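Trainee: task: produce atomic coordinates for the following.
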Amino acid sequence: MEQDQNINQEEDRLFAARKNNLEKIVEMGVNPYPKSFDRTHLSKDIINDLDKYEEKHIQESDLENCKAAGRITAIRGQGKMVFIDLKDMGGTIQVAAKQDILNDLFSLIKLLDIGDVVGFEGKIFRTRRGEPSLEAHKVTILTKSMRPLPDKWSGLKDVEKRYRQRYLDLISSEDSFKTAINRSRIVSFIRNFMNEKGYIEVETPILVDIPAGANARPFSTRHNSLGQDLFLRIATELNLKKLIVGGLEKVYELGRVFRNEGIDHNHNPEFTTIESYEAYVDYEEIMKLVEEMVSGACLEINGSFELDYGDDIGIINLKPPWKRIELRKAIQDFSGFDFMSIKNLTDLSNKMKEVNIHVEPNSSWASMIDKVISDKVEPNLIQPTFLIDYPVEMSPLAKRKLPGSEIVERFEAFVMGSELANAFSELNDPIDQRQRFEDQEKMRKEFNDDEMDRLEEDFLIAMEHGMPPTGGLGLGIDRLIMLLNKKTTIRDVVLFPQMKSLD
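Mentor: The predicted structure follows:
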């Protein structure tokens, strides 16, 4: 408690000092919050122009009248010469402020604080120590910062504060800033990749009356005008497949979905996925699509198909083709029993307990097998791997391998022991689909499981009009960004992760 009080007192003191500087700036007739600044150079442009001049590609006159703007991250020196580190979108550049050049404007330099946003105009040069710099001839205060930034060297050590006040994390951490940029680059790559493959990007409703298409608990809300309860979508699958019925033969949606689930290193209640559907292909083609998309994104961001995860894990190689393992064999290899031969719930529960797998009370057969996969199989799938061919009980939307088969054409892609994608040869038999949905509804009641998939009548009616053979994919964008940026928690790649409200 005493430590918190001391921190608050120090923050109050610094705020007062900055407010005092602000008042002095205003007394000088300077507007500390002007509406714009005609910036001509980012920091990287200053460095590039200096290199061009030294290589005799441009004239010395081209180094003059440079206008740079950004946030002050360091101030060094005193007296008649002050050096300032100015950070912008392109990096950081040093500004040299000299009293004999700025004259009366030099008094403004004395009122600057770390965190202020400032514009400088002047000449590009290299110091005697070889540092690319901007010699300031004019200074324009653009925003007076009233609160101090995190310490430059120690950064933002409070992990919760990093996520709650992401703007401070971006200012103080080059790694976080780079991850944010990489996220945008990865999403852009995926969009371009899909568009070049001939897919059409579409948008489907976020508010739905039936939260179907996945095994998940939904968030609910109330539509006052309609007088009915609605839900935030848990998947985009069913609406996208309606578009396949309508003749849009290659579609995808990249956007948010919402699941009322726990928060951990792999889960956030709202997250980003890409779901795609292509007519006339099966899950074999979708496996190739995933390999090409993920490896291509890695190459785009890192310049290689390989990711070095250090001594404990080593090199992750995303270059196609990826390893494929049948689910039945994987469970036999890693748990020691054949789940397809154990259909009795009590027998399966006992077998799981024998290999130290916790069984939740009143679990369905499908949820128990899912638990076996997460406990015994996933941790062993470090290199990119397709786990293929699941039991029909776990996959109500996937096509059977053969008529009457208990196995469906489904795969999940795993890397670093974490699920990256889920895909099917989509079930397009409306009679079989209706029966499976009805079975899911019965099990949801029997096992009191809100995460069981739900029957959506409009989707079934669409299927009854005829859906062609289709390959479908759902891939977690956040998980992919974690992988390619070598992050171990989803909170590091979501700019504003869900946090518990402060009291």
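Trainee: residue 316 belongs to a helix?
Mentor: No: judged by DSSP: H, G, I helix; E, B strand; the rest coil, residue 316 forms no part of a helix; its state is strand.
Trainee: chain neighbours aside, what residue packs nearest to it?
Mentor: Nearest non-adjacent residue to residue 316, counting by Cβ to Cβ, 6 or more residues apart in numbering: residue 307, 4.4 Å away. Where you see a C-beta, it was placed from the backbone N, CA and C, and this is true even at glycine.
Trainee: so the one you found touches residue 484, yeah?
Mentor: Yes: applying Cβ atoms under 8 Å as the test, residue 307 and residue 484 come out as touching, 7.2 Å apart.
Trainee: circling back: which SS state does the residue nearest to residue 316 fall under?
Mentor: Assignment for residue 307 (three-state DSSP): strand.
Trainee: so that it lines up with my notes, have the first residue be 4 from now on.
Mentor: Noted, 4 is the first residue going forward, which turns the last one into residue 310.
Trainee: residues near it, how many?
Mentor: 20 (other Cβ atoms under 10 Å).
Trainee: tell me which residues touch it, please.
Mentor: Shown in contact with residue 310 (Cβ atoms under 8 Å, 6 or more residues apart in numbering): 301, 318, 319, 321, 486, 487, 489.
Trainee: what do residue 310 and residue 487 both touch?
Mentor: Residues touching both residue 310 and residue 487 by Cβ under 8 Å, 6+ apart: residue 301.
Trainee: got the domain ranges for this protein?
Mentor: As given by automatic domain parsing, the domain ranges for the chain are 5-152, 175-325+386-495.
Trainee: ranking these by burial, who's on top?
Mentor: domain 175-325+386-495 (a mean of 18; mean count of other Cβ atoms under 10 Å).
Trainee: adding distance to residue 232 and pLDDT, write the contacts of residue 310 out as TSV.
Mentor: Output for the contacts of residue 310, formatted as TSV (distance: Cβ to Cβ, whole Å; pLDDT from 0 to 100):
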residue	distance to residue 232	pLDDT
301	42	98
318	50	97
319	44	98
321	43	98
486	37	98
487	39	98
489	42	96
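Trainee: let me know the closest of these to residue 288.
Mentor: residue 321 (18.8 Å; Cβ to Cβ).
Trainee: hmm, back to that, could you dump the domains of the chain to TSV with distance to residue 375?
Mentor: Below are the domains of the chain laid out as TSV (distance: least, Cβ to Cβ, whole Å):
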stretch	distance to residue 375
domain 5-152	47
domain 175-325+386-495	11
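Trainee: mind checking which of the ones you listed is nearest residue 363?
Mentor: Across the domains of the chain (criterion: Cβ to Cβ), the nearest stretch is domain 175-325+386-495, sitting at 9.8 Å.
Trainee: can I get the contacts of residue 310 in JSON lines with distance to residue 342?
Mentor: Formatted as JSON lines, the contacts of residue 310 follow (distance: Cβ to Cβ, whole Å):
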{"residue": "301", "distance to residue 342": "33"}
{"residue": "318", "distance to residue 342": "32"}
{"residue": "319", "distance to residue 342": "28"}
{"residue": "321", "distance to residue 342": "29"}
{"residue": "486", "distance to residue 342": "28"}
{"residue": "487", "distance to residue 342": "33"}
{"residue": "489", "distance to residue 342": "34"}
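Trainee: ok, these vs residue 223, which is closest?
Mentor: Nearest to residue 223 among those, with distances taken as Cβ to Cβ, is residue 486, at 32.2 Å.
Trainee: the closest residue to that closest one other than its chain neighbours and residue 194, how far apart?
Mentor: Of all residues not flanking residue 486 in the chain, residue 418 sits nearest, at 5.7 Å (Cβ to Cβ, 6+ apart). Here residue 418 is placed at a distance of 21 Å from residue 194 (Cβ to Cβ, to the nearest Å).
Trainee: return the per-residue confidence for residue 157.
Mentor: On pLDDT, residue 157 comes in at 54.
Trainee: ok, longest helix in this structure?
Mentor: For the chain, the longest helix by residue count, based on DSSP state H, is helix 5-30.
Trainee: how close does the residue nearest to residue 319 sit to residue 384?
Mentor: 15 Å.
Trainee: need the strands for the stretch 54-203 of the chain, in chain order.
Mentor: For the stretch 54-203 of the chain, applying DSSP state E, counting those that start in this stretch gives strands covering 69-79, 84-91, 94-101, 120-129, 135-146, 203-204.
Trainee: any idea which of these gets closest to residue 243?
Mentor: Closest of those to residue 243 is strand 203-204, at 10.5 Å (criterion: Cβ to Cβ).
Trainee: any chance you could list what contacts that closest one?
Mentor: Applying Cβ under 8 Å, 6+ apart, the external contacts of strand 203-204 come out as 194, 197, 198, 251, 253, 254, 255, 256, 257.
Trainee: try stretch 246-258
Mentor: Identification of contacts with stretch 246-258 by Cβ under 8 Å, 6+ apart yields 190, 193-194, 197, 200-207, 209, 239, 243, 275-283, 465-466, 468-471, 473, 480.
Trainee: still on that earlier bit, between the contacts of strand 203-204, which sits nearest residue 55?
Mentor: Closest to residue 55, out of all of the contacts of strand 203-204 and judged by Cβ to Cβ, is residue 194, at 33.7 Å.
Trainee: so which strand or helix has the most centrally placed residue in the chain?
Mentor: For the chain, the residue nearest the mean C-alpha position is residue 481 (3.4 Å; Cα atoms, centre = their mean). Counting by DSSP states H and E, the element that carries residue 481 is helix 480-487.
Trainee: ditto for residue 428
Mentor: Using DSSP H and E, the element containing residue 428 is strand 421-428.
Trainee: that strand pairs with which strands, and in what direction?
Mentor: Strand pairing for strand 421-428, using DSSP bridges, gives strand 410-418 (antiparallel), strand 473-479 (antiparallel).
Trainee: out of these, nearest to residue 31?
Mentor: Nearest of those (Cβ to Cβ): strand 473-479, 53.6 Å.
Trainee: list the contacts for the closest residue to residue 400 other than its chain neighbours?
Mentor: The shortest distance from residue 400 to any non-neighbouring residue, by Cβ to Cβ, 6+ apart, is to residue 430 (5.6 Å). Residue 430 makes contacts with 399, 400, 401, 402, 403, 411, 436, 439, as judged by Cβ under 8 Å, 6+ apart.
Trainee: looking at those, which are in helices?
Mentor: Per DSSP H, these map to helices at 436, 439.
Trainee: how about the strands of the stretch 54-203 of the chain in a markdown table, adding mean pLDDT and distance to residue 459?
Mentor: Shown next, in a markdown table, are those (pLDDT from 0 to 100; distance: least, Cβ to Cβ, whole Å):
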| stretch | mean pLDDT | distance to residue 459 |
| --- | --- | --- |
| strand 69-79 | 97 | 50 |
| strand 84-91 | 97 | 49 |
| strand 94-101 | 97 | 50 |
| strand 120-129 | 98 | 51 |
| strand 135-146 | 98 | 50 |
| strand 203-204 | 98 | 23 |
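Trainee: let's have those in a markdown table, adding distance to residue 112.
Mentor: A markdown table is the format used below for these (distance: least, Cβ to Cβ, whole Å):
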| stretch | distance to residue 112 |
| --- | --- |
| strand 69-79 | 9 |
| strand 84-91 | 5 |
| strand 94-101 | 5 |
| strand 120-129 | 9 |
| strand 135-146 | 7 |
| strand 203-204 | 50 |
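Trainee: mind checking which of those strands is nearest residue 34?
Mentor: strand 135-146 (8.0 Å).
Trainee: neighbouring strands - and their directions - for the closest one?
Mentor: When DSSP bridges is applied, strand 135-146 pairs with strand 94-101 (parallel), strand 120-129 (antiparallel).
Trainee: closest one to residue 56 among those strands?
Mentor: Closest approach to residue 56 among the strands paired with strand 135-146 (Cβ to Cβ): strand 120-129, 7.6 Å.
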